[in-house]
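K.L.:
sequence isn't available, so here's the structure alone:
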């Protein structure tokens, strides 16, 4: 069974640009989560999508947004990039909500903002 | 907001040693998860805990969901060089998002 996949693996942008990151969940998983991991730091929750709807959002500005498609894949969009947006962006998926929920992570997209 | 305190921040292991790390929180969690992350990769799930008091093993790894639901520990027995990496605890409460600890960096003693 294929795991969570993300693309691209690496990306270099300049300040002010916009970026789109993509995630495909494990087959059968309906929930997709996005996390930001700055270098040397822990993971910070960004967004949770389930059944095409945004269910929860972390403490990030509105220029971080996303969507989930009918096939449950997801995009994360970041507008007006700032230097501090440089980080590993991780996508995770889960099969169910509630006590049995377990999130499985993809390999991440390394974004560098110059 | 919810915060997880994970300790130690880093540790050196010698092959064959048993090591332990833990996470504590001021809030109650419904689920505790332990992940391992290696450089340039996403976290890989090691153990999931769903009930207070639950003790679960995965090979040489053992983790427990604290009875108060505010803490969890992970033990690695008979450590080997490939145990090197960063171990993260994560707690899940309402809203389905995970709150992560700061990580424990496991290194090999020179």
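P.N.:
All right, it came through fine. All of these numbers come straight from a predicted model, not from anything done at the bench. Residues are numbered from 1 along each chain as shown, chains lettered A, B, ... in the order given.
K.L.:
alpha carbons only for contacts and neighbour counts from here, please
P.N.:
Fine.
K.L.:
residue B:76 and residue B:61 touch, don't they?
P.N.:
Yes: counting by C-alpha atoms under 8 Å, residue B:76 does reach residue B:61; the two are 4.8 Å apart.
K.L.:
contacting residues around the residue nearest to residue A:91 when sequence neighbours are not counted?
P.N.:
Spatial nearest neighbour of residue A:91, excluding adjacent residues (C-alpha to C-alpha, 6 or more residues apart in numbering or on different chains): residue A:34 at 4.6 Å. Residues in contact with residue A:34 (C-alpha atoms under 8 Å, 6 or more residues apart in numbering or on different chains) are A:45-48, A:76, A:89-92.
K.L.:
which SSE is the residue sitting nearest the centre point of chain A in?
P.N.:
Nearest to the geometric centre of chain A sits residue A:34, at 3.0 Å (C-alpha atoms, centre = their mean). Following DSSP states H and E, one finds residue A:34 within strand A:31-37.
K.L.:
for that strand, buried residues please.
P.N.:
A:31-37 (16 or more other C-alpha atoms under 10 Å in any protein chain shown).
K.L.:
then stretch A:104-114?
P.N.:
Quick answer for stretch A:104-114 (16+ other C-alpha under 10 Å): A:104-113.
K.L.:
how far away from the center of its chain is that stretch?
P.N.:
Its chain's C-alpha centre and that of stretch A:104-114 lie 8 Å apart, by C-alpha atoms, centre = their mean, to the nearest Å.
K.L.:
how much space between residue B:101 and residue A:67?
P.N.:
Distance, residue B:101 to residue A:67, by C-alpha to C-alpha, to the nearest Å: 27 Å.
K.L.:
who's more crowded, those two?
P.N.:
residue B:101 (26 against 19; other C-alpha atoms under 10 Å in any protein chain shown).
K.L.:
relative to chain B, which residue of chain A is the closest?
P.N.:
Of the residues in chain A, the one nearest chain B is residue A:107, at a distance of 4.2 Å by C-alpha to the nearest C-alpha.
K.L.:
got a list of what the residue lying closest to that residue once chain neighbours are set aside touches?
P.N.:
Spatially, and ignoring its direct neighbours in sequence, residue A:107 is nearest to residue B:42 (4.2 Å; C-alpha to C-alpha, 6+ apart). By C-alpha under 8 Å, 6+ apart, the contact list for residue B:42 reads A:90, A:105-108.
K.L.:
out of the residues you listed, which are inside strands?
P.N.:
Assigned to strands by DSSP state E, the following of these qualify: A:90, A:105.
K.L.:
what is the most widely separated pair among the contacts of residue B:42?
P.N.:
Of all pairs drawn from the contacts of residue B:42, the widest gap by C-alpha to C-alpha lies between A:105 and A:108 and measures 8.0 Å.
K.L.:
which neighbours do these two share?
P.N.:
In contact with both residue A:105 and residue A:108: A:90-91, B:42, using C-alpha under 8 Å, 6+ apart.
K.L.:
now those residues as a markdown table including distance to residue B:28 and pLDDT?
P.N.:
Shown next, in a markdown table, are the shared contacts of residue A:105 and residue A:108 (distance: C-alpha to C-alpha, whole Å; pLDDT from 0 to 100):
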| residue | distance to residue B:28 | pLDDT |
| --- | --- | --- |
| A:90 | 25 | 96 |
| A:91 | 25 | 96 |
| B:42 | 26 | 89 |
